[in-house]
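Trainee: Here is my input, please return the structure:
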Amino acid sequence: MSRKVVVTGLGAISPIGSSAQEMWDNALAGVSGVKALTDDWVAEYELPVYIAGRINRPISESEFISRVEAKRLDPSGQYAVHSARQAWRDAGFSGEDAEDSTELDPERVAVSYATGIGGVWTLLDSWDTLRERGPRRVMPMTVPMLMPNGSAAAIALNHKARSTAQTVVSACASGTESIHLGLELIRSGKADVVITGGTEASIHPLPLAAFARMQALSTRNDEPERASRPYDVDRDGFVMGEGAAALILESEEHAKARGARIYAELAGTGVSSDAYHITAPDNEGEGAARSLREAMASGDFSAEDVVHVNAHATSTPVGDIPEATALRRAFGDATDQMAVSATKSMTGHLLGAAGAIESVMTVLAVRDHKAPATINLENKDPQIDLDVVTEARDLPAGEIVAVSNSFGFGGHNAVAAFRSVS
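Mentor: Okay, the predicted model is just below:
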């Protein structure tokens, strides 16, 4: 019998909150974190899109990262360290790292932490420095700051996690795939504790210009708070967001032995590949449906047990419909009983961090038996036959299961399912 895995700590920094609880409170209240960008480079490059979901307060105000540390980390790494330290403290370990904690063996603590793009600010700023000021002015720490595994490495160093430190890079499915890997690390016996999650800090003129050229971004510049509108007939693209989230996963026996507070059980996960198109999802949703079925098998639950879905729901015309199709393929008529929330309507799309942010919200949904809001849904697309939550709603009492979906460029599909605990 496989080991049961539970969630004992949560951390987040996002457009709607600099902690997991603040983010959750704002998600229940329907608060938008999307604003107009006021940076000089918006006008300099004549960007066609200049709205995004920035973190809701500067990282310099974080109690979890010092100024000295921040200088040696890309913004994506700063957000990652903030979220991991917050989650670690939330989990109630006796020390600041695995060596200092009496209940931990550092060789049984692992990191599985994701990103979609990595240190893009460091990479592009360093290229500008090289061109304008020469090689002697390039920072010595440039490579560790830009490499995609930099965040996982920083977390492992901070917390003395010596089992393994791995990085998942699967576009917008990355954060959820990191949780899948964390589950496997504990079930296989490789680790007792895993720090998992995802980070992204790519609100930079190049990614904005590139996504805009793909016609993937909303151009509703005059109404930032209303731009991200999953499932609405007037949706015209996603809104970029930034931030990070971390979840502390533990084997149930390890958590109970140290008397930890348990948020929820990570019941199961599922991953699959569309092998269909580099950017577009399979219109039939079969790959996504397979990941949902795999999560059910992995977690030993049925479609009838699922009461809530935190959907990937990016607000793109081509993306929202296949996900709705996939839910129907996997869950059948039971889909009618599921309260579906599209929280990117408030946070924007955090790319490689999206799955981690949304998994944190899904954990809190099963803890509180509440589904968060979906804002900006004024005229639902008739092709999307789902019960979409437009105002925070109570979920059924008793034991419940909720799932979080993530789908990424390249055809990556990932699902995490969480079960409530008494």
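Trainee: Go ahead and confirm residue 36 touches residue 225.
Mentor: No - here residue 36 does not reach residue 225: they are 9.7 Å apart, not a contact under C-beta atoms under 8 Å. In short, each C-beta sits where N, CA and C put it, glycine included.
Trainee: Strands of the stretch 101-250 of the chain, residue ranges please.
Mentor: Using DSSP state E, counting those that start in this stretch, the strands of the stretch 101-250 of the chain run over residues 109-115, 165-166, 193-200, 243-251.
Trainee: Let's have those in JSON lines, adding mean neighbour count.
Mentor: Supplementary listing: the strands of the stretch 101-250 of the chain in JSON lines, determined by neighbours: other C-beta atoms under 10 Å:
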{"stretch": "strand 109-115", "mean neighbour count": "31"}
{"stretch": "strand 165-166", "mean neighbour count": "20"}
{"stretch": "strand 193-200", "mean neighbour count": "36"}
{"stretch": "strand 243-251", "mean neighbour count": "30"}
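Trainee: Select, out of those, the one closest to residue 371.
Mentor: Shortest distance between residue 371 and the strands of the stretch 101-250 of the chain, using C-beta to C-beta, is found for strand 243-251: 18.4 Å.
Trainee: Which residue lies closest in space to residue 325, excluding its sequence neighbours?
Mentor: Nearest residue to residue 325, sequence neighbours excluded (C-beta to C-beta, 6 or more residues apart in numbering): residue 285, at 3.9 Å.
Trainee: any idea how far that neighbour lies from residue 95?
Mentor: Distance, residue 285 to residue 95, using C-beta to C-beta, to the nearest Å: 46 Å.
Trainee: again, but for residue 326
Mentor: Remark: distance between residue 326 and residue 95 (C-beta to C-beta) = 43 Å.
Trainee: more crowded one of those two?
Mentor: For residue 326 against residue 95, the residue with the higher neighbour count under other C-beta atoms under 10 Å is residue 326, and the figures read 28 against 14.
Trainee: close enough to count as contact, that one and residue 285?
Mentor: Yes - Residue 326 is in contact with residue 285 according to C-beta under 8 Å; the separation is 3.1 Å.
Trainee: Could you list the low-pLDDT ranges of the protein?
Mentor: For the chain, the stretches with pLDDT under 70 are 1.
Trainee: what does the domain assignment say about it?
Mentor: 5-257, 268-419 (automatic domain parsing).
Trainee: How far does the longest one sit from its chain's centre?
Mentor: Distance, stretch centre to chain centre, for domain 5-257: 8 Å (C-alpha atoms, centre = their mean, to the nearest Å).
Trainee: Can you check the distance spanned by it, start to finish?
Mentor: With C-alpha to C-alpha, to the nearest Å applied, domain 5-257 spans 14 Å between its terminal residues.
Trainee: likewise the last one?
Mentor: According to C-alpha to C-alpha, domain 268-419 extends 9 Å from its N-terminal end residue to its C-terminal end residue.
Trainee: which helices and strands sit right next to the one helix or strand residue 28 maps to?
Mentor: For residue 28, the element it lies in under DSSP states H and E is helix 20-29. Counting contacts by 3 or more C-beta pairs under 8 Å, 6 or more residues apart in numbering; DSSP states H and E, helix 20-29 packs against strand 5-13, helix 75-91, helix 354-368.
Trainee: So what are the sheet partners of the shortest one and their directions?
Mentor: Under the criterion DSSP bridges, strand 5-13 sits next to strand 243-251 (antiparallel), strand 264-273 (antiparallel) in its sheet.
Trainee: between these, which gets nearest to residue 147?
Mentor: With C-beta to C-beta as the criterion, residue 147 lies closest to strand 243-251 of the strands paired with strand 5-13, at 16.5 Å.
Trainee: residues making contact with the following helix or strand past that closest one?
Mentor: Reading on from strand 243-251 to the C-terminus, the next helix or strand found by DSSP H and E is helix 252-257. Applying C-beta atoms under 8 Å, 6 or more residues apart in numbering, the set of residues contacting helix 252-257 from outside is 3-6, 8, 103, 192-193, 262, 265.
Trainee: Much appreciated, bye for now.
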